[in-house]
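J.: Requesting a structural model of the entry that follows:
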Amino acid sequence: LPVLHPVFGIPYIPASTLKGAAKAWAKKHQPSERINELLGILDGKLAKAAKIEFLDAFPIKPCLSLDVATPQWTWQNNKVMYQPVPHPLLSLEQPQFLIGLRPTSKEVADETNKDLQDVKTWLENALKSGIGSRVSSGYGHALGAIPNSNTRKFYDFTLWTQGMYGSNPPSRENRYQGTPEFRPSAVRGILRYWFRAVAFGLYDTATCQNLEEKLFGKLGQQGKLSVSTKINSSNQQNPYVYTGKIYLESPDIHCLNLAEKLLFLASHLGGVGRGSRRTLHLLNGRMRGCHWELISKELPLVYDSEKWRKFFTELNQAFKAVQAPLGSYAVSPGRPKARQQDVLDKNAQVWLLKSPSQIHPHKVKNWQTEGDSSNVRGTALDLLYSDIRFKGQSQGQGNPNVGGALETPSFVWIKSIFADSNCTYQVVTIFGTDHPERQAFAIELKKQGAILVFG
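T.: Numbers count the residues shown, from 1 in each chain. Next up is the predicted model:
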C-alpha cells in the first residue's frame with residue numbers, strides 16, 4: 001500500500017520504515033550490542049550514533065495501481081452473512097525501489113565494508129518477510145526465498161483455475177473480458193472461511209469472533225497469523241495454471257499448527273478463489289471451478305475412512321490447543337438470499353465417493369472437447385448435475401437450496417482427490433443436511449456407494 005512523498009507526491013518508502021524493519025528483524029537474530037553499534041540507540045541517558053544511515057527509497061519505474069479487496073462474508077448481529085462488497089484501493093504493483101544505505105561518517109567508511117553488508121543483509125531478510133501494511137494478507141514481500149524459521153511453514157502448490165480477478169473482472173455482458181491474476185488474498189480468505197466453518201461448531205459466537213480476531217486480526221489490530229505466497233505467472237489460459245509456495249507464519253506454535261491443519265482441510269474439501277466449490281470442468285462452453293494440490297509426501301489423504309476421521313480429530317485438537325474448552329454447537333447455513341456461514345456441525349456431512357474414470361486436469365488434452373465429459377467432472381459432480389433437484393438454479397431451473405444460484409453460494413462443495421493412480425475419489429461436503437432437499441442428495445450419494453467420514 002502506497003505512502004506518497006509530501007513534496008514529490010510519488011510513492012516512496014520512508015527511511016524510518018526501512019530502518020525499523022531491519023532493526024526488528026535483527027532483534028530476532030543478532031546480539032543487541034551489534035545492533036546498537038550499527039543502528040545506534042537512544043534510551044534515556046544512553047545515546048549512541050548509528051554507523052549506517054538509511055535513505056528514503058523511491059521507485060525506478062511506474063508502479064501505482066488500482067487494487068480491490070472483496071470480503072465474501074461479513075459479521076452482522078453476531079452472524080456471518082454472505083455479502084461480497086468490493087473495496088477499491090491503491091496499491092503498488094510489483095514495484096522496483098532504489099534503496100540507499102551509507103556510512104554516517106568518513107571515519108566509519110574507512111573502517112570496513114562488513115558493517116554495511118551486515119545491515120544490508122538484515123534489511124533484505126526483513127523485506128522478504130514483509131514490510132508495510134496488510135503484510136499478513138500477502139502484501140509487501142520482496143521477491144526471493146523467505147528465510148527459514150521455526151515460526152514458519154511452507155508448502156508448494158499448483159492451482160488450476162477458471163481465473164481470479166482483481167480490479168478488472170469480466171462483465172456479465174462479456175465473460176471473456178477482464179484481467180486474470182493470482183489473488184494471494186484468496187488463500188487467506190479461504191483459510192478464514194474454513195476456520196469459521198470449524199470454530200462455529202466448537203465455540204459460542206463471542207468466542208469465535210474473539211478467536212478469529214486473535215488469529216487473523218482486524219482493523220487496527222495485527223493478527224498472530226500471516227499468510228503469504230510466492231507465485232510463478234501462469235503460462236496458459238482456460239484454465240490458468242499457477243505454481244508456487246504458500247507460507248504460514250506465527251510467533252505462536254499452536255496458532256501455526258492450527259493454520260497448517262486449516263490449510264490441509266481447505267485443500268481437501270474445496271478450492272480457492274472463483275469456482276472454489278466445484279471441480280474444474282466446462283459448463284455451457286465456459287470454464288468453471290478449480291483444482292489445487294499441496295505438494296507433500298503426507299498429502300493428500302488416501303481413500304480411507306479411518307485416516308479421515310483421525311484427521312478431523314487432530315483438527316479439533318489443534319483448535320483445543322489454541323482455545324479450550326471445546327463444545328458442540330449447531331448453526332444454520334441460512335437460506336437463499338439470506339446465506340450464512342457454513343458450519344461443520346452435527347448437520348454437516350462429508351462423504352467420500354470413488355471416481356475411478358476421472359482424469360487429472362493436467363492430462364486433459366483439449367478442454368473444449370473434453371471439459372464437459374464425465375471423465376473430467378467426476379462421479380459426484382455428475383450426480384449433482386444429473387438431477388434438477390440438486391444442480392444450481394439457472395434460468396428458472398435448478399435448486400438454490402442445494403446447488404445455489406446467482407449470488408447464493410451452493411450448500412455443496414465437491415473436491416477431487418488424486419491420491420494415487422489406483423484410487424481417484426471426490427470429497428463431497430454438504431452443509432445443513434437437516435434440510436430435506438439437501439438430505440435427499442446425501443441419500444443419493446450413499447446409494448452410489450459413498451462413505452460418510454464426518455457427521
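J.: Domain map for the protein?
T.: What automatic domain parsing lists as the domains of the chain is 3-131, 152-454.
J.: deepest of these, which one?
T.: Most buried of the domains of the chain, by mean neighbour count (mean count of other Cβ atoms under 10 Å): domain 152-454, with a mean of 18. For every residue, glycine as well, the C-beta is placed using N, CA and C.
J.: for the record, mean pLDDT for it?
T.: Domain 152-454 carries an average pLDDT of 93.
J.: now do the same end-to-end measure for it.
T.: Start-to-end span of domain 152-454 (Cα to Cα, to the nearest Å) is 30 Å.
J.: now swap in stretch 171-191 and tell me
T.: Taking Cα to Cα, stretch 171-191 runs 27 Å from one end to the other.
J.: one step back: indicate which one of the domains of the chain is closest to Ser137.
T.: Closest approach to Ser137 among those is made by domain 152-454 (5.3 Å; Cβ to Cβ).
J.: Measure how far the closest one is from the centre of its chain, please.
T.: 11 Å (Cα atoms, centre = their mean, to the nearest Å).
J.: Any chance of JSON lines for the domains of the chain, columns distance to Gly144?
T.: Listed next are the domains of the chain as JSON lines, based on distance: least, Cβ to Cβ, whole Å:
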{"stretch": "domain 3-131", "distance to Gly144": "6"}
{"stretch": "domain 152-454", "distance to Gly144": "8"}
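J.: which residues of the stretch 1-150 of the chain fall in strands?
T.: Secondary structure of the stretch 1-150 of the chain (DSSP state E, counting those that start in this stretch): strands located at 3-4, 11-12, 41-43, 46-48, 52-54, 58-59, 64-69, 73-76, 79-82, 87-92, 97-98, 101-103.
J.: Distance of Phe441 relative to Gln448?
T.: Taking Cβ to Cβ, to the nearest Å as the measure, Phe441 falls 11 Å from Gln448.
J.: and if you look at Glu33?
T.: Between Glu33 and Gln448 the computed distance is 68 Å (Cβ to Cβ).
J.: Kindly report the same for Tyr240.
T.: From Tyr240 over to Gln448 the distance is 31 Å, taken as Cβ to Cβ.
J.: Could you do Ile359 as well?
T.: Here Ile359 is placed at a distance of 19 Å from Gln448 (Cβ to Cβ).
J.: And for Val364?
T.: Taking Cβ to Cβ, one finds Val364 at 24 Å from Gln448.
J.: Kindly report the same for Arg286.
T.: Note on Arg286: its distance to Gln448, by Cβ to Cβ, is 27 Å.
J.: Tell me who's in contact with Phe157.
T.: Residues in contact with Phe157 (Cβ atoms under 8 Å, 6 or more residues apart in numbering) are 243-246, 267, 292-295.
J.: helix/strand/coil for it?
T.: strand (DSSP: H, G, I helix; E, B strand; the rest coil).
J.: does it have beta-bridge partners, and which?
T.: Gly244, Leu294 (DSSP bridges).
J.: surely Gly432 meets Val331?
T.: No: using Cβ atoms under 8 Å as the test, Gly432 is too far from Val331 to be in contact (9.2 Å).
J.: State the distance from the residue lying closest to Gly40 once chain neighbours are set aside to Lys19.
T.: Counting by Cβ to Cβ, 6 or more residues apart in numbering, Ala50 is the residue found nearest to Gly40 once chain neighbours are left out, at 3.3 Å. Remark: distance between Ala50 and Lys19 (Cβ to Cβ) = 8 Å.
J.: tell me, what's touching the two both at once?
T.: Joint contacts of Ala50 and Lys19 (Cβ under 8 Å, 6+ apart) are Leu39.
J.: For whatever helix or strand Ala380 lives in, enumerate the helices and strands it packs against.
T.: Ala380 belongs to helix 379-386 when elements are defined using DSSP states H and E. The contact analysis (3 or more Cβ pairs under 8 Å, 6 or more residues apart in numbering; DSSP states H and E) places helix 379-386 against strand 349-354, strand 412-420, strand 423-430, helix 436-447.
J.: how about the helices of the stretch 101-250 of the chain, start to end?
T.: For the stretch 101-250 of the chain, the helices defined by DSSP state H, counting those that start in this stretch occupy 106-111, 114-129, 184-199, 205-216.
J.: If Arg102 is in a bridge, with which residues?
T.: Beta bridges link Arg102 to Glu53 when assigned by DSSP bridges.
J.: Ile35 versus that one, what's the distance?
T.: According to Cβ to Cβ, Arg102 stands 18 Å off from Ile35.
J.: quick revisit: so what's in contact with Phe441 and Gln448 at the same time?
T.: Counting by Cβ under 8 Å, 6+ apart, the shared contacts of Phe441 and Gln448 are Leu383.
J.: ranges for the helices of the stretch 251-400 of the chain?
T.: Counting by DSSP H, counting those that start in this stretch, the segments of the stretch 251-400 of the chain that form helices are 253-269, 305-322, 367-370, 374-377, 379-386.
J.: Reformat those as JSON lines; add distance to Pro88.
T.: Converted to JSON lines, the helices of the stretch 251-400 of the chain look like this (distance: least, Cβ to Cβ, whole Å):
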{"stretch": "helix 253-269", "distance to Pro88": "27"}
{"stretch": "helix 305-322", "distance to Pro88": "34"}
{"stretch": "helix 367-370", "distance to Pro88": "32"}
{"stretch": "helix 374-377", "distance to Pro88": "36"}
{"stretch": "helix 379-386", "distance to Pro88": "34"}
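J.: Out of these, the one nearest Val412 is which?
T.: Nearest of the helices of the stretch 251-400 of the chain (Cβ to Cβ): helix 379-386, 6.5 Å.
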